[in-house]
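Peer 1: okay, predicted coordinates and the sequence, questions at the end:
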There are 2 protein chains.
Amino acid sequence: MSATRRRELVLEAATRVFGDEGYAGATTDKVARAAGVSQPYVVRIFGTKENLFLEVMERAGNRLLAAFTEEIARIDSELALPHRLGLRYVTMLQDRGLVLSLMHGFALGADPVIGASARCGFMNIYRLVVNEGGFTPAEAYQFLAGGMMINTMLGLRMGDEFDTDPDVRDLLREAFPEKLDVFLAVTRSHQERA
Amino acid sequence: MSATRRRELVLEAATRVFGDEGYAGATTDKVARAAGVSQPYVVRIFGTKENLFLEVMERAGNRLLAAFTEEIARIDSELALPHRLGLRYVTMLQDRGLVLSLMHGFALGADPVIGASARCGFMNIYRLVVNEGGFTPAEAYQFLAGGMMINTMLGLRMGDEFDTDPDVRDLLREAFPEKLDVFLAVTRSHQERA
DNA sequence: TTAAGAGGTAATCGAATGATTACTTAGGAC
DNA sequence: GTCCTAAGTAATCATTCGATTACCTCTTAA
């Protein structure tokens, strides 16, 4: 297999593993197993585990930027842009580990190199919705806050309790006023992992 | 020193360490050093590192519940309750690592034991503001989303860029419309750690 | 035919880490 | 005084993990 294709497969696997276990909790061996290659090869492709995580975060940030950019460019919709971006974000939860890897990175701001990259990635989203999407800072804040709440619901696997706790049901219905089915489907697909 | 007092000191130290490094990234040795005791003693007090983290999360959740409960009981204020709870939350950021430890736990929902505890702690807050604070589910959602956004700004150490990036300034002014000074003070006190 | 380079792995190493064991010390109770 | 218990540590162990080294195996071009 070509090196670039293999590299992409490893990045996808790493995204899932880092999303589940976090930076410190994940191991290069778990990533290698998930990608179907040997552990030394993962290290050889990316140099260090830290480098691999940085690439995972960068890739995730770029995917979000690309999706939002595409949505901003759409004109064949009567829905308001914040609403459309929110729907688009929920759709992206199906890309397993994508936003969870970012969330783990967002909690590691104390790390000099990971923190700097995470701050940069976050602000790129902010700048996009303000500069290209025409959001006011207040609108951008509200949009991002909703995103962080969705991240938390995903990270907590809150969907696992949807059927057992009526309060969870109420909360998730607020967090996902339209695409609750998508979130619950994502939850179920994550459960199959274990 | 009495065992209970020592135990409390270790819990405080562990809260800071787990807040900075996360569950997997933290080590019992770092906690021990921060608490001024030996590593085996930390293990002996709490049995396992996982147990220690669970106690840190539980303690943090209880502190939040206590503060919100107290604020809900206050009647000598003309401010709306969501507003007062938000101010109270920002005040609690001064307790170093408290909310960051929770945030790390919120990203570990895939872990069977940590995840269950984290979900429980989160829903306890939700239930409090709904049942005791009289919030509608929509109000509770908005309140919690703001909290998750604040957690993210703290985890990212976004305050470090307040002076260098005007977009960061705009965003933080939205996230902390009143107590921005408190957040920036917390940021600075965290920097002194390194 | 063969040499060379790309894609990949097995074996292994050193450091870090959670946990265990055995030991030490201080302070009452009798 | 001495015994006993609670508080605490030094030494150490087994495992795990990231990284390194040496090697293997195709394909391809001269």
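Peer 2: That came through, no problem.
Peer 1: what's near enough to touch the most centrally placed residue in chain A?
Peer 2: The centre of chain A sits closest to A:Val99, judged by CA atoms, centre = their mean, with a distance of 1.0 Å. A:Val99 is in contact with A:Gly19, A:Ala60, A:Leu64, A:Tyr89, A:Met92, A:Leu93, A:Ile150, A:Asn151, A:Leu154, counting by CB atoms under 8 Å, 6 or more residues apart in numbering or on different chains. For the C-beta atoms, the positions are set from N, CA and C on the backbone; glycine is no exception.
Peer 1: looking at these, spot the one nearest DNA strand C.
Peer 2: A:Gly19 (21.4 Å; CB to the nearest atom of the strand).
Peer 1: helix, strand, or coil at that closest one?
Peer 2: helix (DSSP: H, G, I helix; E, B strand; the rest coil).
Peer 1: give me the number of residues near the closest residue to A:Arg169 other than its chain neighbours?
Peer 2: Nearest non-adjacent residue to A:Arg169, counting by CB to CB, 6 or more residues apart in numbering or on different chains: A:Phe162, 5.8 Å away. Neighbour count of A:Phe162, defined by other CB atoms under 10 Å in any protein chain shown: 18.
Peer 1: B:Gln191 versus A:Phe162, what's the distance?
Peer 2: Using CB to CB, to the nearest Å, one gets 41 Å for the distance from A:Phe162 to B:Gln191.
Peer 1: how about the residues of chain A by DNA strand C?
Peer 2: A:Met1, A:Ser2, A:Ala3, A:Arg6, A:Gly36, A:Val37, A:Ser38, A:Gln39, A:Pro40, A:Tyr41, A:Arg44 (CB under 7 Å from any atom of the strand).
Peer 1: biggest helix in chain A by residues?
Peer 2: Across chain A, the helix with the greatest residue count (assigned by DSSP state H) is helix A:49-73.
Peer 1: so for that helix, what gets flagged as buried?
Peer 2: A:49, A:52-57, A:59-61, A:63-65, A:67-68, A:71-72 (16 or more other CB atoms under 10 Å in any protein chain shown).
Peer 1: now A:Asp20, nearest residue through space, not along the chain?
Peer 2: The nearest residue in space to A:Asp20 (CB to CB, 6+ apart) is B:Ala110, at 4.8 Å.
Peer 1: mind checking the SS state of that neighbour?
Peer 2: coil.
Peer 1: tell me the pLDDT at it?
Peer 2: The model reports B:Ala110 with a pLDDT of 95.
Peer 1: equivalent analysis for A:Gly133, please.
Peer 2: Model confidence at A:Gly133, expressed as pLDDT, equals 97.
Peer 1: repeat for the one 5 residues further on
Peer 2: At A:Ala138, the model reports a pLDDT of 98.
Peer 1: give the contact list for it.
Peer 2: Counting by CB under 8 Å, 6+ apart, A:Ala138 makes contact with B:Glu174.
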